[in-house]
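In: Requesting a structural model of the entry that follows:
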Amino acid sequence: MSAPELCPHCGAEVPPRARACPECGADESTGWNERAAAQNLGITDPDDFDSEEFAREEWGPSSQRHLSVGWVVVGIGLLLVLILAWFR
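Out: All right, here's what the predicted structure looks like:
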């Protein structure tokens, strides 16, 4: 595995092809594996990750219901226009 751009332990920049972090000394055996990187993201167990909760925290409450109501209104409006055009 090649060196990451940023050290998963301390966040320092790691030069390309480096064997260890110049700041904290982390290397592939102590912290450049995928498990260490995932732990640095604040996800303790990837199976427990709740994507809906993440979306609410990032972008606020869902607006899907408002979009659905809007599309129903547009659909009814188009239907009325077609009915009026048919009877003219």
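
In: How many residues are close by residue 53?
Out: Other residues within reach of residue 53, judged by other Cβ atoms under 10 Å, total 9. Where you see a C-beta, it was placed from the backbone N, CA and C, and this is true even at glycine.

In: same check, this time on residue 7
Out: Per other Cβ under 10 Å, the neighbour tally for residue 7 reads 23.

In: Could you measure from it over to residue 48?
Out: When Cβ to Cβ, to the nearest Å is the yardstick, residue 7 and residue 48 sit 26 Å from each other.

In: Same check on residue 84?
Out: Distance of residue 84 to residue 48, given as Cβ to Cβ: 55 Å.

In: how about low-confidence regions in the chain?
Out: With pLDDT under 70 as the threshold, the chain has low-confidence stretches at 1-2, 31-46, 62-67.

In: Could you pull out the helices in it for me?
Out: The residue ranges that make up the helices of the chain, judged by DSSP state H, are 34-40, 51-59, 64-86.

In: Redo those helices as JSON lines? Include distance to residue 16.
Out: JSON lines is the format used below for the helices of the chain (distance: least, Cβ to Cβ, whole Å):
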{"stretch": "helix 34-40", "distance to residue 16": "18"}
{"stretch": "helix 51-59", "distance to residue 16": "32"}
{"stretch": "helix 64-86", "distance to residue 16": "44"}
